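# have a look; sequence and predicted model below, questions after that.
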Amino acid sequence: MKLVTAQVPRILFAGVSSGCGKTTVTCAVLQALVNRGLRLHSFKCGPDYIDPMFHERAIGAKGSNLDLFFYDDNTVRCLLAENALGTDVSILEGVMGYYDGRGVKTMEKSTYEIAKETDTPAVLIVNGKGMSFSVTAVIRGFLSMVADSCIRGVILNNVSAPTYALLKEAILEQFGGMVKPLGFLPPMKDCAFESRHLGLVTAGEIADVREKLQRLAAQAEQSIDLDGLLALARESAPLRYASIPVRRFETPVRIAVAMDKAFCFYYRDNLDLLSKMGAELCFFSPIADGALPDCDGLYLGGGYPELYLAQLSDNTSMKNSIRSALLCGMPCIAECGGFMYLTEGIEGHPMVGLLPGTCKNQGRLTRFGYVTLTAKADNLLCHAGERICAHEFHHYDAENTGDGFTAEKKPGVSWDCAFSTERLYAGYPHLPFYANLRFAENFYAAALAYKREREG
């Protein structure tokens, strides 16, 4: 296996906990660096597809995911290096607290492990509200947790300029340069982002979002050491990884991808992978368009269909177009919200009606988290017994969730899920294709077969 070495300037923003301000700091720095004219790629640690989408649509920095549950160490390094190609710097944003892993008693699959496996310098984000010298105790705890924490800097959130000046001196005195104080953000309540049941709301829904981001960027230019962050990023060790061979099909296919206010949750690497294989992605709106574009396959991602039930339900021509195409054998992947759209209805609003049962809000997260899927029979994406890591995050549930796969959360905790046939995968779990490339290859091959069927 031939190893590739790549110089990838990069830095990781790590939080002491959820809610400490790492997303605010990340957005402030990204926008400030974009304003400087730098080419960026943002990475979200973990399975959240909303933050990368937000970074791309609102800020203009392309975004994708790095996840050690989905991918092995080499795949994470490869995706980091290849997505960073042609950029000036990559910004990684952690998830939860820095050492928080899959379970309460482990740091396995944590943001720290991403930093360690990619050899990325981390900057700890500490919410200084209600603290003074105790901030140094928090920093000391994170530095001493493991032999090499990868933490090289610290940014304080929710502190005033005079308080930061004193705490900066204290940090330098306490740690002697082991960790660099790299600035602060003062309390900025008017720049807070609203949240709903899944991370940040979509960029198009946030009132005056770009104005907020510009205010954050202006503040970052004043109070965060952006030049120091860039210098730290350039000190990153070279990335070493083995390239992942992607099958290139000789014949192109057209894959219709639902992309509008209702359906927009995709892993960017999934879409890029289909393009690398030779697919032409044709984006369309189930809300606004009257029919599917001319295509050989259909990808219905997740999103917020529950917010646009009337529009989706009233677009009868689109629903008929999709149902007719799938009944005629067009291959389709439908994840979470896309799966719900294919059922008989959501909260009393008629949907496509391809799949039996309806969907209703449960008022709480349902089957939330990482799962491993195992196919119970041969289907569109794989053979019986093949597996892929996946993720579920939804408050709605369906009367019939399918039984084509077994989803295992941990030993002894499993359930049936997803409708699967020779031409269909439809279920709540989101599938990261780089976790098992055969799933994407088989989807492409089915689209190619359907194309040839149509051509006679």
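That came in fine, so what should we check first? Note that the structure is predicted; figures quoted are calculated from it, not measured.
# only C-alpha atoms for contact and neighbour calcs from this point on.
Noted.
# middle-most residue in the chain, spatially?
When CA atoms, centre = their mean is applied to the chain, the residue found nearest the centroid is residue 49 (2.6 Å).
# any figure for the gap between that one and residue 257?
Distance of residue 49 to residue 257, computed by CA to CA, to the nearest Å: 16 Å.
# where does the prediction get shaky in this structure?
In the prediction, the chain carries residues with pLDDT under 70 at positions 1, 192-207.
# so where do the helices sit in the stretch 51-200 of the chain?
Assigned by DSSP state H, counting those that start in this stretch, the helices in the stretch 51-200 of the chain fall at 73-84, 111-118, 134-144, 161-175.
# now the second one: how far from the chain's centre is it?
For helix 111-118, the distance between its averaged C-alpha position and the chain's averaged C-alpha position is 17 Å (CA atoms, centre = their mean, to the nearest Å).
# what comes into contact with that helix?
12, 14, 45-46, 66-68, 73, 76-77, 94-95, 97-101, 107, 120-122, 149-150, 239 (CA atoms under 8 Å, 6 or more residues apart in numbering).
# ok, the third one next?
Surrounding helix 134-144, the residues in contact under the criterion CA under 8 Å, 6+ apart are 124, 126, 128, 149, 151, 167, 170, 171, 174.
# mind redoing it with 7 Å?
Here helix 134-144 makes contact (CA atoms under 7 Å, 6 or more residues apart in numbering) with 128, 149, 151, 171.
# show me the two of these that sit farthest apart.
128 and 149 (20.6 Å; CA to CA).
# between the two, which one's more packed in?
More crowded of residue 128 and residue 149, by other CA atoms under 10 Å: residue 128, with 24 against 18.
# quick one: the more buried one and residue 156 touch, right?
Yes: the criterion here is CA atoms under 7 Å, and residue 128 meets it with residue 156 at 5.9 Å.
# and the longest helix seen in the chain, what does it pack against?
If each helix of the chain is counted by residues according to DSSP state H, the longest one is helix 437-455. If you count contacts as 3 or more CA pairs under 7 Å, 6 or more residues apart in numbering; DSSP states H and E, helix 437-455 packs onto no helix or strand.
# buried ones in that helix, by neighbour count?
Under the neighbour-count criterion of 16 or more other CA atoms under 10 Å, helix 437-455 has 437-451 buried.
# now flag whichever of those is closest to residue 267.
The closest of the buried residues of helix 437-455, once distances to residue 267 are taken by CA to CA, is residue 440, at 12.8 Å.
# need the contact list for the closest residue to the closest one other than its chain neighbours.
If you skip the residues right next to it in sequence, residue 440 has residue 433 as its closest partner in space, 5.9 Å away by CA to CA, 6 or more residues apart in numbering. The contact partners of residue 433, by CA under 7 Å, 6+ apart, come to 270, 439, 440.
# swap the cut-off to 10 Å and go again
Residues in contact with residue 433, defined by CA atoms under 10 Å, 6 or more residues apart in numbering, are 70-71, 267, 269-271, 273-274, 388-390, 439-441.
# what does residue 297 give?
Listed by CA under 10 Å, 6+ apart, the contact partners of residue 297 are 253-257, 279, 281-282, 325-326, 329-333, 423, 443-444, 446-448, 450-451.
# try residue 417
373-375, 400-407, 426-429.
# at 6 Å what do you get?
401, 402, 403, 405 (CA atoms under 6 Å, 6 or more residues apart in numbering).
# gap between the third one and residue 383?
What that stands for is residue 403. 15 Å.
# relative to helix 73-84, how tilted is the longest strand seen in the chain?
Using DSSP state E, we find that the single longest strand of the chain is strand 89-97. Counting by axes from the mean of the first three to the mean of the last three CA atoms, to 10 degrees, strand 89-97 points 130 degrees away from the direction of helix 73-84.
# run through who's touching strand 89-97.
9-18, 40-45, 111.
# in helices, which of those appear?
residue 111.
# are any of the contacts of strand 89-97 buried, and which?
Buried subset of the contacts of strand 89-97 (neighbour count, 16+ other CA under 10 Å): 9-17, 40-45, 111.
# from these, which is closest to residue 369?
So of those, ranked by how close each gets to residue 369 (CA to CA), first place is residue 45, at 14.4 Å.
# any idea how far residue 69 is from the closest one?
Distance from residue 45 to residue 69, by CA to CA: 10 Å.
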